[in-house]
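*Asks:* please work out how this folds:
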Amino acid sequence: LVKDDSGETVEDRISWLRSRGVKVETPEDRKTEKFLLETLGKLKVGDPDTKSFTYVYIPADDAKPLSEENATIPKSQWFIDQFPLVLKSKFSQGA
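*Replies:* Numbers count the residues shown, from 1 in each chain. Below is the predicted model of the structure:
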């Protein structure tokens, strides 16, 4: 752990920011997110040790239809807010 002149480590500063609601992404966070997205993409409703939820996708483009979608998450990850991660791909499509 590297400390600066104030005696705080980078981890201390990140923790302080996160405790105040600031979203901080580190390279390690991005690597973990990429792995989770790859894993989540392979999961199907009914797979063992998973939980699924259904949501309605409402595209911003009125020409595109609404659709009922399913997402599946490993039970080990259920306690973490996975909605932003799971839904990120839908919202990043610019639809």
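*Asks:* A63 should be in a strand, yeah?
*Replies:* No - using DSSP: H, G, I helix; E, B strand; the rest coil, the assignment for A63 is coil, not a strand.
*Asks:* from L87, how far out is it?
*Replies:* To L87, A63 is 21 Å away according to C-beta to C-beta, to the nearest Å. Using the backbone N, CA and C atoms, a C-beta is placed for each residue, glycine as well.
*Asks:* element containing I73?
*Replies:* For I73, the enclosing helix or strand under DSSP states H and E is strand 67-74.
*Asks:* list the buried residues of that strand.
*Replies:* By neighbour count with 16 or more other C-beta atoms under 10 Å, strand 67-74 contains the buried residues A71, T72, I73, P74.
*Asks:* repeat for stretch 38-57
*Replies:* Those would be L40, L43, T50, for stretch 38-57 by 16+ other C-beta under 10 Å.
*Asks:* hey, what's the last one bridged with?
*Replies:* Partner residues in beta bridges with T50, using DSSP bridges, are P74.
*Asks:* where does the protein have low pLDDT?
*Replies:* Scanning the chain for pLDDT under 70 picks out 1-5, 78-80, 92-95.
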